[in-house]
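>>> Have a look at this prediction, sequence included:
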Amino acid sequence: MATTVEQERPEAASTEEALLRQRLRRERINKLVFRFLGYVFFLGIWEFASGRILEEALIPGPTRVAQTIGDIWGRGDVPDAFRATLLRIFVGFTISFLIGAIIGIISQNRWLEGFFKDAVLVSLTAPGLIWALITAIVFGNREIGPIIAIVLTTFALVTVNVSEGIRALPKDLVDMGKAFDVGLLRRNRHIVIPHLAPYLFTGLRFGFSIAWKVTVLTEVFSSSRGIGFEMRLATQLFQTDEFLAWVLMFFFFALFLEKVVLQAFERRFFRWRQEVAAA
């Protein structure tokens with residue numbers, strides 16, 4: 001009798017697990033369907049408004065903008081523009097991330113916290129437009145301008161997240177590591193860094209999204225290449241369809257990096273958490 005019950009339990013557990021997977025799969029499909037319908041709805045309104053509510057020259061429809069995207073790709077302008085913008089973002093946000101993480105860690109000292117407090121507050125509250133204009137005035141078309149604008153706009157996001165992570169660090173684990181004579185490097189590797197990882201990824205994702213906007217905004221004012229420069233050139237020539245084409249390409253590429261690349265990297269980094277949850 002006991003053997004029969006023991007045999008039934010794994011079967012019941014596997015059945016429940018299969019039902020749970022089916023339900024989660026249906027939820028994911030429903031989310032994707034409704035997201036797709038949202039795109040169809042808003043693109044349909046846009047297409048209907050173009051040439052009916054507003055002149056097509058002012059608001060070209062998505063069909064015309066899609067054709068313009070194909071023309072821009074055919075000219076070969078897209079790779080060079082995206083390469084220039086991505087290089088600025090990579091250099092600027094790498095510097096910003098390192099600076100923000102270091103300030104977040106050392107700000108646990110109350111004197112250093114007071115030293116950096118107002119600088120972090122200014123970075124958090126000042127619009128990116130201000131830094132874009134200041135760097136445009138000071139540096140002109142030089143490459144360092146967008147990089148400095150990225151650093152000034154995004155480092156505080158990383159600082160705040162890291163400092164919050166340090167404050168939430170379980171003191172018991174640190175004390176236990178010290179009690180068992182665990183070295184500083186091993187404590188940081190096995191306790192501090194795994195604990196700070198979610199806070200670092202939060203700062204990375206938020207900071208990266210802001211860095212995109214600030215970079216393109218800076219390129220609009222003071223650059224001779226990049227996505228923002230192409231947008232400015234299109235507006236100066238009154239080519240609304242080309243301007244919207246660059247806007248859409250910028251939007252979809254940023255969405256791809258955020259929803260596909262960064263989220264895939266985050267899932268891979270935290271795959272051990274899924275294993276723990278499944279256990």
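Happy to help now that I have it. Note that the coordinates shown come from a computational prediction; the quantities given were computed from them, not determined experimentally. Numbering: from 1, shown residues only.
>>> hey, which helix or strand in this structure has the poorest pLDDT?
Lowest on mean pLDDT, DSSP states H and E among the helices and strands of the chain sits helix 271-278, with a mean of 53.
>>> quick one, strands of this structure?
Taking DSSP state E as the criterion, the chain contains no strands.
>>> At which residues are the helices of it located?
Remark: helices assigned in the chain by DSSP state H are 2-49, 62-75, 77-106, 110-125, 128-139, 144-167, 171-179, 184-187, 193-222, 227-236, 240-256, 263-269, 271-278.
>>> any idea which of these is most buried?
helix 144-167 (a mean of 24; mean count of other CB atoms under 10 Å). For glycine as for every other residue, the C-beta is placed from the backbone atoms N, C-alpha and C.
>>> what angle do it and helix 227-236 make?
Calculated by axes from the mean of the first three to the mean of the last three CA atoms, to 10 degrees, helix 144-167 forms an angle of 130 degrees with helix 227-236.
>>> Remind me what helix 144-167 packs against, helices and strands.
Identification of packing neighbours for helix 144-167 by 3 or more CB pairs under 8 Å, 6 or more residues apart in numbering; DSSP states H and E yields helix 77-106, helix 110-125, helix 128-139, helix 193-222.
>>> Dump that helix to CSV, keeping only the CA atoms.
Extracted in CSV, the C-alpha atoms of helix 144-167 (Å, rounded to 0.1, in the frame of the first residue of the first chain):
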residue,chain,number,x,y,z
ILE,A,144,34.3,63.8,-25.9
GLY,A,145,31.1,65.9,-25.6
PRO,A,146,28.5,63.0,-25.8
ILE,A,147,30.7,60.8,-23.6
ILE,A,148,30.8,63.4,-20.8
ALA,A,149,27.0,64.0,-21.2
ILE,A,150,26.4,60.3,-20.7
VAL,A,151,28.6,60.2,-17.6
LEU,A,152,27.0,63.3,-16.0
THR,A,153,23.5,62.0,-16.6
THR,A,154,23.8,58.3,-15.7
PHE,A,155,26.4,57.7,-13.0
ALA,A,156,24.0,58.7,-10.2
LEU,A,157,21.6,55.9,-11.2
VAL,A,158,24.3,53.4,-10.6
THR,A,159,25.5,55.1,-7.4
VAL,A,160,22.0,55.0,-5.9
ASN,A,161,21.4,51.4,-6.7
VAL,A,162,24.8,50.2,-5.4
SER,A,163,24.6,52.2,-2.2
GLU,A,164,21.1,50.7,-1.5
GLY,A,165,22.5,47.3,-2.1
ILE,A,166,25.4,47.9,0.3
ARG,A,167,22.9,49.1,3.0
